[in-house]
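Dropping the sequence and predicted coords here.
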Amino acid sequence: MTPAAESAEWYAKEVTWMVVGVVATLAVGLLTAWAAMNASLRRCRTTYEVVSNSLLPSDPSANVSVSHQGVRLGAPRAVTIYLRNAGRRDITSDQFHGGRPIAFDFGRAVLELPSVQSSASSYPIDVELEGNAFLVKPSFVRRKKGAAVTVLLDGGFATDDLAVRHVMVNGRVDPVDNLRNGAVEQLKAVALFIGATVAGLLALVTFVSSFTDRF
């Protein structure tokens, strides 16, 4: 074999291994991006929003007042929170880790639970009161469905006073304003997927072009 032929054979082998390396790197990048995007899409997501925060009419001098268990309330207030399964999948009761509920804590005693209205009447959300909070117990929540929960408080309340505690399996509970952040995460995953694909293809084209120019 002539030196030129040996050189060509060596170069061909080198380019082949470089192409294999690029393809392997591309495959790893694509799998990583796919896994990140798939995990983001599969995560269950519940949003909540304070849709009403109303001070109820109460004027003892006009014989108009609101009482609870015989005690007149000084500043009765009705607060309605809308919960929604904003994810792509139904939420099942086994996604409540250890059977623990989602707790919506108002920072003051919740006196009554006047209304719980589910948008999917065949699958009502199970809600109960406990101290300063109402609890969403393990429930089946259809995708894009939710419930409006109204509570009775006594005293001032601002949206920032609300604290939400949960231990969801592969899930999160966010204010509705933060739903946009979830969309951004998905877009980042898609961008990573596309970027890895384009970068790998460009590198592969460059190596092939270099090999062709040499011969």
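Yep, it's here.

Looking at the record's assignment, how would you partition the chain?
In terms of domains, the chain is parsed into 3-40+183-214, 45-169 (source: automatic domain parsing).

what's the single longest strand in this protein?
Longest strand in the chain by number of residues (criterion: DSSP state E): strand 44-55.

list the helices and strands it packs on?
Packing contacts for strand 44-55, counted by 3 or more Cβ pairs under 8 Å, 6 or more residues apart in numbering; DSSP states H and E, involve strand 76-85, strand 171-175, helix 179-214. C-beta coordinates here come from the backbone N, C-alpha and C atoms, glycine included.

make it 7 Å
On a contact count with 3 or more Cβ pairs under 7 Å, 6 or more residues apart in numbering; DSSP states H and E, strand 44-55 meets strand 76-85, strand 171-175.

Give me the angle between the first one and strand 171-175.
Orientation note: strand 76-85 sits at an angle of 140 degrees relative to strand 171-175 (axes from the mean of the first three to the mean of the last three Cα atoms, to 10 degrees).

Rounded mean pLDDT for strand 76-85, please.
Across strand 76-85, the average pLDDT comes to 95.

Parallel or antiparallel, list what pairs with that strand.
Counting by DSSP bridges, the strands paired with strand 76-85 are strand 44-55 (antiparallel), strand 146-154 (antiparallel).

Restrict it to CA atoms and write it as PDB.
Only the C-alpha atoms of strand 76-85 are listed here, as PDB (Å, rounded to 0.1, in the frame of the first residue of the first chain):
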ATOM      1  CA  PRO A  76     -67.400  39.200  58.000                       C
ATOM      2  CA  ARG A  77     -65.700  38.400  54.800                       C
ATOM      3  CA  ALA A  78     -66.400  35.800  52.000                       C
ATOM      4  CA  VAL A  79     -63.400  34.700  50.100                       C
ATOM      5  CA  THR A  80     -63.700  32.500  47.000                       C
ATOM      6  CA  ILE A  81     -60.700  30.600  45.600                       C
ATOM      7  CA  TYR A  82     -60.900  28.800  42.200                       C
ATOM      8  CA  LEU A  83     -58.700  25.700  41.900                       C
ATOM      9  CA  ARG A  84     -58.000  24.100  38.500                       C
ATOM     10  CA  ASN A  85     -56.200  21.100  37.100                       C
END
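
Give me the contacts around it.
For strand 76-85, the surrounding residues in contact (Cβ atoms under 7 Å, 6 or more residues apart in numbering) are 46-56, 58, 66, 91, 104, 136, 141-154, 157.

how about stretch 166-178: buried residues?
Of all the residues in stretch 166-178, those buried under the rule 16 or more other Cβ atoms under 10 Å are His166, Met168, Gly171, Val173, Asp174.
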